[in-house]
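In: structure for the following, please:
(one chain, ligands or ions: 1)
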Amino acid sequence: MGNKTMTNQNSAPERLLELDNVHVHFPLREGLVKAVNGVSYHVNKGEVLGIVGESGSGKSITARAIMRLLPKRAEAPEGRISFRPRNGESYELSALGRNSRAMRQVRGQHIGMIFQEPMTALSPVHTIGAQIMRTVQLHMGLSRQAARARAIELLAKVQMPRPNELVDAFPHQLSGGMRQRAMIALAISCNPSLLIADEPTTALDVTTEAQILELLKELQSELGMAIIFITHNFGVVADIADRVSVMYLGKIVETATVDDIFYAAKHPYTQALLRSIPRLGVDQGRRLPTIPGMVPDPFSVPSGCAFNPRCSHAVAGICDTQVPPEKIFGSQMSRCHFAEQFAAREAAHV
Ligand SMILES: Nc1ncnc2c1ncn2[C@@H]1O[C@H](COP(=O)(O)OP(=O)(O)OP(=O)(O)O)[C@@H](O)[C@H]1O
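Out: Predicted coordinates for the structure are as follows:
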């Protein structure tokens, strides 16, 4: 785990990014899709925050709202997104124009982003070296020669074999894993303080996935950057994250340290997701429990707690009518009406 959270003199972690009540809506002909529906979370300097949830829960759209790279059909995000990359430097990302100079500087220099599909970030018609050189020349003011040296250094840093040769390769000449490394080199080229990783290992075979995770952990601790790691895979989260936020239908329903998520989850959705993970040697020959029902269609989000129709703990008259508030237990947050009961049960088991 990347336990490198930077601290100030009082050893309270320094906040790098803060989202406060962020909404992203898609006005479609069929109705209004509230893809992100009041999301609040923070990332401390140098920490890895995992964001977990089923497909369609709003993980990627929240990340794209931070980068102001939302699909054209989306309305401008509502709520506050504050970012403090360095001492004295502070950006209200939510107040910046999508193509403003400041926003382009943030995207180029301070926040890197990597995706499941490397060709989302890489141009097919330029060499890997040319793409890295362009970024570092633009944002770090390097000369052509220095930029080429930086590109080779970055390819070596992401453990590309023969960086002196591959700097002149086009993306299609590389294997999937190597392309992923090239995209990571491009994303970290200007020493960003935050890397947003959106399912970067989902399409890879398990060996390559393990290598890329190892690489990200090494880079995170060497460069001291924070990472938002988006995935639907709890195993990956356990491997890389310090804290985890669980998303369901456009809301964060639980946030906790990795240990508390695995051993003291206080939201029935988190608990259900954890029950559906296969455990080596334990679940052989046994059918794994799945979460009953389907994620509701985004035009008709259930009233009250959006998870209530699928929840085995739901109580009629409460869960289907009242939106649960955030309940805080030390560093843990749960949006369940009955979170205290889970806490009391844990206390009884100690
Ligand atoms: N271009 C779009 N037009 C309309 N609605 C969209 C668009 N992109 C996303 N949405 C809506 O936003 C919701 C959240 O999408 P998002 O991609 O953030 O989910 P996710 O949790 O990242 O899922 P996945 O793991 O499948 O990537 C989707 O269910 C969809 O309803």
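In: run the chain-centre distance for the helix or strand Ile66 falls within.
Out: Here Ile66 is covered by helix 59-67, with elements defined by DSSP states H and E. Computed by Cα atoms, centre = their mean, to the nearest Å, the separation of helix 59-67 from the middle of its chain amounts to 8 Å.
In: repeat that for stretch 306-315.
Out: In terms of Cα atoms, centre = their mean, the centre of stretch 306-315 is found 26 Å from the chain centre.
In: buried ones in it, by neighbour count?
Out: Under the neighbour-count criterion of 16 or more other Cβ atoms under 10 Å, stretch 306-315 has 306-308, 310-311, 314 buried. Quick note: C-beta positions are derived from backbone N, CA and C, even for glycine.
In: between those, which is closest to the ligand?
Out: Ala306 (12.6 Å; Cβ to the nearest ligand atom).
In: now the closest one, what's its secondary structure?
Out: Put simply, Ala306 is coil when judged by DSSP: H, G, I helix; E, B strand; the rest coil.
In: grab the nearest non-local neighbour of it.
Out: Excluding the flanking residues, the one nearest Ala306 by Cβ to Cβ, 6 or more residues apart in numbering is Leu249, at 4.3 Å.
In: and for the one you found, the neighbour number?
Out: Neighbour count for Leu249, taken as other Cβ atoms under 10 Å: 23.
In: all strands of the stretch 151-300 of the chain, in order?
Out: For the stretch 151-300 of the chain, the strands defined by DSSP state E, counting those that start in this stretch occupy 194-198, 226-231, 243-248, 251-257.
In: show me what the third one packs onto, helices and strands only.
Out: Strand 243-248 sits against strand 48-52, strand 251-257, helix 258-263, helix 268-275, with contacts defined as 3 or more Cβ pairs under 8 Å, 6 or more residues apart in numbering; DSSP states H and E.
In: can you list the strands that the first one pairs with?
Out: Okay, so that is strand 48-52. Taking DSSP bridges as the criterion, strand 48-52 sits next to strand 226-231 (parallel), strand 243-248 (parallel) in its sheet.
In: now swap in the second one and tell me
Out: The partner list of strand 251-257 in its sheet, established with DSSP bridges, is strand 243-248 (antiparallel), strand 332-334 (antiparallel).
In: could you check the angle the least confident helix or strand in the chain by mean pLDDT makes with helix 268-275?
Out: Here the helix or strand of the chain ranked lowest by mean pLDDT, DSSP states H and E is helix 339-349, holding a mean of 81. Calculated by axes from the mean of the first three to the mean of the last three Cα atoms, to 10 degrees, helix 339-349 forms an angle of 50 degrees with helix 268-275.
In: could you number the chain from 29 rather than 1 from now on?
Out: All right, first residue 29 from here; so that's helix 367-377.
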